[in-house]
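Novice: Pasted the sequence and its predicted model underneath.
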Amino acid sequence: MGSAKIAEGKTKIVRPYREGYALLEFKDDITAGDGARHDVLPGKGVLNAQTSAYLFRVLEGKGISTHYVGMYDERTMIVKYLKMIPVEVVLRNIATGSVVKRLPINEGERFDPPIIEFFLKDDSRHDPMLNYHHMEHLKLMTRKEAERVEEIMYGVNDALFPLLKSKGLILYDFKLEFGRLGDELVVGDEITLDSMRVREEGTGRILDKDLYRKGADLETVRKAYEEFYRRLTS
Ligand code: TYD
């Protein structure tokens, strides 16, 4: 597709579509460390577009509003055009990643109830953590909106955790981004192995982007993304 771009990020391109809608194209790029590491992984864009579409349809089926409308082509989603909030919202079921580096929490500790964290999308500041006060001051979300976002995060977890468990997979954590459509807060962006951590039950085998973060070869990463999609949709 050669048409104009509204925005381009590290892994996706937003293009104009009909009034009120946009096209979201998933690129084959994979990045880590705020973009410090970068590769092209042929097939990844299609796999991530399909994975994200599948999971958005699951959420819609549970009554959770997402921007997903349908597929334009195999790597491009038709989405509702949202006014995106530049905040990454993370829900953690099991401790790993930044939380075990920041706090006296051990790798693999279970959070019951799950923990939710907010981060400002700002690579130059390495995505600093936010609380309700920061978000109100920066006019990102009101406290009431943040509480609504937390409710939606728990709803998404209640949909996805058991679904993955039924496939022999454990959802350690995931990140969502939200946008506004009128007064409504809607799940936007993507839900893929770039934005969640998934381990095989029992073996603990990593299936998500941590493989890439830890330096695995690209073919191992591609195979993991493919295996996840196959197991999810089987
Ligand atoms: P987190 O442990 O906070 O970060 P890191 O990957 O630096 O250890 O990540 C929690 C979850 O959020 C994980 O599934 C990856 C996802 N995530 C993103 O999708 N984008 C990001 O910029 C960050 C920091 C995390």
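Specialist: Perfect, thanks for sending it.
Novice: for the ligand, what are the nearby residues on the protein?
Specialist: 88, 90, 97-99, 127, 173-175, 194-197 (C-beta under 6 Å from any ligand atom). For every residue, glycine as well, the C-beta is placed using N, CA and C.
Novice: Greatest separation within those residues: which pair is it?
Specialist: With distances taken as C-beta to C-beta, the most widely separated pair in the residues of the chain next to the ligand is V99 and D194, at 18.2 Å.
Novice: quick one, which of the two is more surrounded?
Specialist: Legend: neighbour count by other C-beta atoms under 10 Å for V99 and D194, higher for D194 (22 against 18).
Novice: what's around the closest residue to the more buried one other than its chain neighbours, how many residues?
Specialist: Leaving aside its sequence neighbours, D194 sits nearest to K209 (C-beta to C-beta, 6 or more residues apart in numbering; 5.0 Å). Residues lying near K209 (other C-beta under 10 Å) number 22.
Novice: returning to what we had before: now pLDDT and secondary structure too, for the residues of the chain next to the ligand, in JSON lines please.
Specialist: Listed next are the residues of the chain next to the ligand as JSON lines, based on pLDDT from 0 to 100; DSSP: H, G, I helix; E, B strand; the rest coil:
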{"residue": "E88", "pLDDT": "98", "secondary structure": "strand"}
{"residue": "V90", "pLDDT": "99", "secondary structure": "strand"}
{"residue": "G97", "pLDDT": "97", "secondary structure": "coil"}
{"residue": "S98", "pLDDT": "97", "secondary structure": "helix"}
{"residue": "V99", "pLDDT": "98", "secondary structure": "helix"}
{"residue": "D127", "pLDDT": "95", "secondary structure": "coil"}
{"residue": "D173", "pLDDT": "99", "secondary structure": "strand"}
{"residue": "F174", "pLDDT": "99", "secondary structure": "strand"}
{"residue": "K175", "pLDDT": "98", "secondary structure": "strand"}
{"residue": "D194", "pLDDT": "98", "secondary structure": "coil"}
{"residue": "S195", "pLDDT": "98", "secondary structure": "coil"}
{"residue": "M196", "pLDDT": "98", "secondary structure": "strand"}
{"residue": "R197", "pLDDT": "98", "secondary structure": "strand"}
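Novice: Okay, helices next: where are they in this protein?
Specialist: For the chain, the helices defined by DSSP state H cover 44-61, 98-102, 132-137, 143-165, 210-213, 218-233.
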